[in-house]
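Trainee: got a structure for you, letters missing:
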Ligand code: GLV
Ligand code: MN
Ligand code: MN
């Protein structure tokens with residue numbers, strides 16, 4: 001590995017990631033829902049380290065952490081997020097934040113490199129209160145009314161209460177300063193198995209999927225499970241199950257090669273063994289990097305919902321909750337990451353789309369953006385067992401820092 005440029009301290013990167021894993025630890029992963037005590041402690045942890053990189057730390061009114069510099073010259077923004085899905089993995093988010101911190105620690109004091117790395121930890125990438133709260137606030141795509149209306153998807157707690165309890169109420173929300181950054185770079189675990197199964201070290205992200213999310217509600221008739229004849233039931237739960245099966249039957253003929261769809265939550269009301277559910281709800285998501293494909297699938301979804309309503313004697317409504325645009329990663333960022341992979345990962349890289357959502361897709365609406373992936377063991381993520389080998393983490397850090405240098409050098 002050439003070391004005339006990187007100067008990454010692999011042991012420091014691993015120690016930082018393990019320190020963050022120790023805050024809110026759950027099995028080998030973490031449980032850090034947005035604005036929970038361990039999440040806030042992780043933000044403080046980062047804020048305390050930013051001065052080591054010559055940066056001034058701020059935690060803003062939506063829970064974003066920024067490390068900013070007063071130095072003149074080219075600036076690159078780097079980051080990811082520190083909250084987790086519930087009872088999930090230790091690297092989804094922190095990897096990119098620690099790489100950004102390491103890049104700032106290595107590059108900012110280095111007189112041989114012109115330019116500065118600034119650091120951001122975006123709040124609530126994992127969508128406990130909506131989606132991309134922090135990065136959307138930064139790009140100016142978040143109204144006070146949206147904050148008023150947002151609630152924690154698990155507990156129903158209003159976002160305003162969470163901000164108050166976290167000590168953030170009344171703080172200014174930092175928004176992007178036009179022209180300040182040459183772009184945004186984010187590292188992340190792949191969360192799939194493309195890299196591992198091909199013996200590769202780095203994914204050079206080309207595009208990030210758009211995510212469209214729906215609440216689909218079924219209204220039937222609650223009644224006795226023993227005395228109501230099958231022919232007259234209006235079983236909302238059965239209607240929901242029919243729709244799930246119909247989606248899986250019909251979507252493959254109209255989807256794109258990379259489209260995915262998921263029913264992530266089902267609730268039956270009242271949810272008791274001796275009662276026919278009178279109401280059922282499902283949260284449903286479609287992802288693709290072509291909005292025209294998702295649009296087409298939404299039409300199919302709505303007509304399937306109508307068919308199920310007619311067949312199941314239940315009312316079915318489809319409400320779109322989220323329309324997330326896909327994003328293309330800037331070509332010069334892809335080239336910079338690829339060149340860094342050639343220098344520090346033996347060229348073991350591949351260009352690939354991201355099926356996961358990332359703050360980089362929000363930042364891409366205002367500045368050129370790029371992402372790199374490191375391998376996920378077994379392709380597992382959004383589960384506490386998520387992991388990446390130490391060797392791959394350290395290689396990724398070298399590639400990330402080298403890519404930052406190349407981008408700052410223009
Ligand atoms: C982000 O975590 C996603 O769900 O893609
Ligand atoms: Mn993530
Ligand atoms: Mn995630």
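Mentor: Right, received. Where do you want to start? If you're wondering where the values come from, they're calculated on a predicted model, not measured in any experiment. Ligands and ions are numbered 1, 2, ... in the order given.
Trainee: phi, psi of the residue sitting nearest the centre point of the chain?
Mentor: Taking CA atoms, centre = their mean, the centroid of the chain lies closest to residue 358, which sits 4.1 Å from it. Backbone torsions for residue 358, taken as degrees, to the nearest 10, come to phi -150, psi 150.
Trainee: contact partners for it?
Mentor: The contact partners of residue 358, by CB atoms under 8 Å, 6 or more residues apart in numbering, come to 80, 125, 186, 188, 208, 371. Glycine gets a C-beta too; all of them are placed from N, C-alpha and C.
Trainee: which of these has the most neighbours?
Mentor: residue 186 (33 neighbours; other CB atoms under 10 Å).
Trainee: could you check how far that one is from ligand 2?
Mentor: 9 Å (CB to the ion, to the nearest Å).
Trainee: just residue 79 next, same as before
Mentor: If you measure residue 79 against ligand 2 using CB to the ion, the figure is 11 Å.
Trainee: likewise residue 115?
Mentor: In this structure, residue 115 and ligand 2 are 26 Å apart, going by CB to the ion.
Trainee: what does residue 155 give?
Mentor: Plainly put, residue 155 is 21 Å away from ligand 2 if you go by CB to the ion.
Trainee: with residue 251 instead?
Mentor: Using CB to the ion, one obtains 26 Å as the distance from residue 251 to ligand 2.
Trainee: on the three-state scheme, that residue is what?
Mentor: helix (DSSP: H, G, I helix; E, B strand; the rest coil).
Trainee: what does the pLDDT read for it?
Mentor: With respect to pLDDT, residue 251 has a value of 98.
Trainee: pretty sure it sits against residue 260.
Mentor: No. Shown here, residue 251 and residue 260 do not form a contact pair, counting by CB atoms under 8 Å, at 9.8 Å.
Trainee: can you report how many residues neighbour the residue nearest to residue 125 when sequence neighbours are not counted?
Mentor: Nearest non-adjacent residue to residue 125, counting by CB to CB, 6 or more residues apart in numbering: residue 81, 3.8 Å away. Counted by other CB under 10 Å, the residues lying close to residue 81 total 32.
Trainee: coming back round to it: switch the contacts of residue 358 over to a markdown table; also include secondary structure, distance to residue 117 and pLDDT.
Mentor: Rendered in a markdown table, the data for the contacts of residue 358 read as follows (DSSP: H, G, I helix; E, B strand; the rest coil; distance: CB to CB, whole Å; pLDDT from 0 to 100):
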| residue | secondary structure | distance to residue 117 | pLDDT |
| --- | --- | --- | --- |
| 80 | strand | 13 | 98 |
| 125 | coil | 20 | 98 |
| 186 | strand | 12 | 99 |
| 188 | strand | 17 | 98 |
| 208 | strand | 21 | 97 |
| 371 | strand | 15 | 98 |
